[in-house]
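Engineer: Predicted model, plus sequence, below.
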Amino acid sequence: QNTYKNSRMSACASCSPFSISTSTVGSESCSCIPGTFKNPNMTSCSMCPTGTSSEAGSQHCICSEGKYWNGTICQDCARGSSSQRGSLWCSSCPVGYQSLSEGRECACPPGKIWSWEKDHHGSCKLCARDSYKNEQMDSCLSCPEDTTSAPSLDYCSCSVGKFWNRTTCEKFP
């Protein structure tokens, strides 16, 4: 029927456009349908912008990586920040480092990799022990066999008589 009645009402009312009653009988409220949103300042549900989506009852639309929901539209993250899909804000990149891949992640110092937390906050995390990452790399790589590294390094340690040449150990000439 798509109607509702709460304790402050004397009669049933129709749900606004883009919304449905929350139960089949005796509903006390209406909820936005998937693909729409209603923030606390709105009186009815609105369609999400093209290329975005939402779950039923949502207060915001889901933006792609590199964008955030500003309350009414998806906005690009500012230069030097990044976001995950569905973010409501952008995470700042470390000082001196820029965003990569159209704002999907940030560059990190050597020995660190960009990582997302469950709550959409991003930060540079240390590469694990026995792995490395230099300025030109996008991810931490395992050190070659017979080499080691402490966490957060941009090189692997070679045995006596050898030197690190950015990807492997070589004998001194």
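Structural biologist: All right, it came through fine.
Engineer: Next, count neighbours for residue 93.
Structural biologist: 25 (other C-beta atoms under 10 Å). (C-beta placed from N, C-alpha, C; glycine too.)
Engineer: Kindly report the same for residue 155.
Structural biologist: If you count neighbours by other C-beta under 10 Å, residue 155 ends up with 19.
Engineer: which SSE is it in?
Structural biologist: Residue 155 is located outside every helix and strand, with elements delineated by DSSP states H and E.
Engineer: Isn't it up against residue 132?
Structural biologist: Yes: using C-beta atoms under 8 Å as the test, residue 155 is close enough to residue 132 to be in contact (5.6 Å).
Engineer: who touches both of these two?
Structural biologist: Residues touching both residue 155 and residue 132 (C-beta atoms under 8 Å, 6 or more residues apart in numbering) are residue 149.
Engineer: Pull the number of nearby residues for residue 17.
Structural biologist: Residue 17: 11 neighbours (other C-beta under 10 Å).
Engineer: The nearest residue to it once chain neighbours are set aside and residue 134: what is the separation?
Structural biologist: Once flanking residues are discounted, residue 17 sits nearest to residue 44: 6.3 Å by C-beta to C-beta, 6 or more residues apart in numbering. For residue 44, the distance to residue 134 (C-beta to C-beta, to the nearest Å) stands at 54 Å.
Engineer: Quick one: find the helix or strand in the protein with the lowest mean pLDDT.
Structural biologist: Within the chain, no helix or strand scores below strand 3-4, which has a mean of 58 by mean pLDDT, DSSP states H and E.
Engineer: distance between the following helix or strand past that strand and the chain's centre?
Structural biologist: Sequence-wise, the next helix or strand downstream of strand 3-4 (DSSP H and E) is strand 13-14. When distances are taken as C-alpha atoms, centre = their mean, to the nearest Å, strand 13-14 is centred 38 Å away from the chain's centroid.
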